[in-house]
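Student: next come a sequence and a model predicted from it.
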Amino acid sequence: MLETLHWLGHDAFRIDGPPVVYLDPYRLAGELPPADLVLITHDHFDHLSAEDVAKVRVPRTIVAGPPEVAARLGGVEVLHAGDERTLAGVSVRAVPAYNTNKKFHPKKSGKVGFVLTVGGVTYYHAGDTDLIPEMEGLRPDVALLPVSGTYVMTAAEAAEAARRIAPRTVVPMHWGTIVGSEADARELARLLDGSGIAVVIKPKE
């Protein structure tokens, strides 16, 4: 199920469907397949990188994100939290992403995460968020959850989020760049040991 999921560092992932989907591309390196779809959760520099989008954007590429992304990057399909759309053959739903006890990602700014289905697998990319009520019962196959604290959930909060989301597998993200370390990812794995939820720490590509 995770063979086509590639962690590119921080919150950046590529899913090789087909179609090829990038999520929050940032500091991309090496030879990369062109994107059919690019999903961007919000406008912070480590998620919205015009330079990195340009590395994988070709004429067929659809780029989508919330209004604050469209305000800074041209040719963006706007997705508000709650919107559902089929883009490049991918079923995409934008869901809220925000801080509850920090000031970095206020709910009113409209930042999002995404629930998307590629190749019969449903993924939840949480974006930069704390544990929020909207996560309850999402039930994707794979949840990509931040674990570093500071700007997002801690590993302990991510473990509680995972129990509420009820995925089959969690992949930790938001570590190893800017804030967080592999220890945070391993702490999430420790906290979910025996829960029935698998934790897979993907190598950075």
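Tutor: Alright, I've got the coordinates.
Student: pLDDT weak spots in the chain?
Tutor: By pLDDT under 70, the chain contains no weakly predicted segment.
Student: could you redo the last one with a cut-off of 80?
Tutor: Low-confidence segments of the chain, defined by pLDDT under 80: 1.
Student: do a quick rundown of the strands in the chain.
Tutor: For the chain, the strands defined by DSSP state E cover 5-7, 13-16, 20-23, 37-39, 62-65, 76-78, 84-87, 90-96, 112-118, 121-125, 142-146, 169-173, 198-199.
Student: can I assume residue 34 is in contact with residue 21?
Tutor: No. In this structure, residue 34 is not within contact of residue 21 by Cβ atoms under 8 Å, at 11.5 Å. In this view, the C-beta of every residue, glycine as well, is placed from N, C-alpha and C.
Student: these two: which has the busier surroundings?
Tutor: In this view residue 34 and residue 21 are compared by other Cβ atoms under 10 Å, and residue 21 has more residues nearby, 29 against 13.
Student: partners of that one in the sheet?
Tutor: residue 15, residue 37 (DSSP bridges).
Student: what's stretch 16-31 in contact with?
Tutor: Stretch 16-31 has contacts (Cβ atoms under 8 Å, 6 or more residues apart in numbering) with 4, 6, 8-15, 33-41, 46-49, 52-53, 55-56, 88-90, 114, 116, 118-119, 125, 127, 144, 177, 205.
Student: first vs last residue of that stretch, how far apart are they?
Tutor: From the first residue to the last, stretch 16-31 extends over 14 Å; the measure is Cα to Cα, to the nearest Å.
Student: can you pull the buried residues of that stretch?
Tutor: Neighbour-count burial for stretch 16-31, counted by 16 or more other Cβ atoms under 10 Å, picks out 17, 19-26, 28.
Student: same question, stretch 78-98
Tutor: Buried residues in stretch 78-98, counted by 16+ other Cβ under 10 Å: 78-79, 81, 87-88, 90, 92-98.
Student: re the thing from before, would you mind giving the buried residues of stretch 16-31 as a markdown table with distance to residue 136 added?
Tutor: A markdown table is the format used below for the buried residues of stretch 16-31 (distance: Cβ to Cβ, whole Å):
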| residue | distance to residue 136 |
| --- | --- |
| 17 | 28 |
| 19 | 29 |
| 20 | 31 |
| 21 | 25 |
| 22 | 28 |
| 23 | 22 |
| 24 | 23 |
| 25 | 29 |
| 26 | 29 |
| 28 | 33 |
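Student: ok, the residues you listed vs residue 135, which is closest?
Tutor: residue 23 (17.1 Å; Cβ to Cβ).
Student: CA atoms only: put stretch 82-102 into PDB for me.
Tutor: Presented in PDB, the C-alpha positions along stretch 82-102 are these (Å, rounded to 0.1, in the frame of the first residue of the first chain):
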ATOM      1  CA  GLY A  82     -15.300  21.200   2.900                       C
ATOM      2  CA  ASP A  83     -14.900  21.300  -0.900                       C
ATOM      3  CA  GLU A  84     -14.800  18.000  -2.800                       C
ATOM      4  CA  ARG A  85     -13.600  17.800  -6.400                       C
ATOM      5  CA  THR A  86     -12.200  15.400  -8.900                       C
ATOM      6  CA  LEU A  87      -8.900  16.700 -10.200                       C
ATOM      7  CA  ALA A  88      -6.700  14.900 -12.700                       C
ATOM      8  CA  GLY A  89      -8.800  11.800 -12.000                       C
ATOM      9  CA  VAL A  90      -8.200  12.100  -8.200                       C
ATOM     10  CA  SER A  91     -11.000  12.400  -5.700                       C
ATOM     11  CA  VAL A  92     -10.000  15.300  -3.400                       C
ATOM     12  CA  ARG A  93     -11.600  16.700  -0.300                       C
ATOM     13  CA  ALA A  94     -10.200  19.700   1.500                       C
ATOM     14  CA  VAL A  95     -10.500  19.500   5.300                       C
ATOM     15  CA  PRO A  96      -9.600  22.100   8.000                       C
ATOM     16  CA  ALA A  97      -6.100  22.400   9.400                       C
ATOM     17  CA  TYR A  98      -5.400  24.800  12.200                       C
ATOM     18  CA  ASN A  99      -3.800  25.400  15.600                       C
ATOM     19  CA  THR A 100      -5.800  25.300  18.800                       C
ATOM     20  CA  ASN A 101      -3.100  26.500  21.200                       C
ATOM     21  CA  LYS A 102      -0.700  28.300  19.000                       C
END
